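**Student:** Prediction below, plus the sequence it came from.
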Amino acid sequence: MKISTIILTAIVVVALAAGFYFTLNNSKITANAISIEPEMININASRWSYTPDTITVKKDQPVKIIINNQDTTHGISIPELGVMGIGSVEFTPNKTGTFQFRCPTRCGVDHINMVGKLIVTD
Ligand SMILES: [Cu+2]
């Protein structure tokens, strides 16, 4: 075997090993970035209110709101944050402020008055 072939083979092996190492490292970084557990919040929903009716969360912190229906099917809708769900909603607030949430299901005569408040802080 020529010396140049041996050197070329060695270079290829080192390059592959380096590529493999960086790929592994990048995988770890990605895994860490998406492994942030959502903050779990339980809320009771019944005709026609939420308990609690005010929730405070942090911007950029994933949150999962579990909606415990006490009578019929209710949910949470926050159009300004692109959030809508029944049973539970999971999202990451991307802006601070005070947002009204409403029930997205027609759950009865006072459905329109079923509102809550989400406060997103820094
Ligand atoms: Cu409702």
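**Tutor:** Nice, I can see it. Numbers count the residues shown, from 1 in each chain.
**Student:** Next up, the contacts around the residue nearest the centre of the chain.
**Tutor:** The centre of the chain sits closest to residue 91, judged by C-alpha atoms, centre = their mean, with a distance of 3.5 Å. Going by C-beta atoms under 8 Å, 6 or more residues apart in numbering, residue 91 touches 62, 63, 81, 82, 83. Where C-beta positions appear, they are placed from N, C-alpha and C, glycine not excepted.
**Student:** can I get those residues in a markdown table with distance to the ion and neighbour count?
**Tutor:** Conversion of the contacts of residue 91 to a markdown table gives the following (distance: C-beta to the ion, whole Å; neighbours: other C-beta atoms under 10 Å):
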| residue | distance to the ion | neighbour count |
| --- | --- | --- |
| 62 | 25 | 15 |
| 63 | 20 | 19 |
| 81 | 19 | 18 |
| 82 | 20 | 9 |
| 83 | 15 | 20 |
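**Student:** Any chance of those residues in JSON lines with pLDDT as columns?
**Tutor:** Formatted as JSON lines, the contacts of residue 91 follow (pLDDT from 0 to 100):
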{"residue": "62", "pLDDT": "97"}
{"residue": "63", "pLDDT": "97"}
{"residue": "81", "pLDDT": "96"}
{"residue": "82", "pLDDT": "96"}
{"residue": "83", "pLDDT": "97"}
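**Student:** between these, which is closest to residue 96?
**Tutor:** residue 81 (11.2 Å; C-beta to C-beta).
**Student:** Looking at the contacts of residue 91, which are in strands?
**Tutor:** Within these, residues falling in strands by DSSP state E are 63, 83.
**Student:** Which single one of the contacts of residue 91 is nearest to residue 113?
**Tutor:** Nearest member of the contacts of residue 91 to residue 113, counting by C-beta to C-beta, is residue 83, at 19.7 Å.
**Student:** I appreciate the help and will end here.
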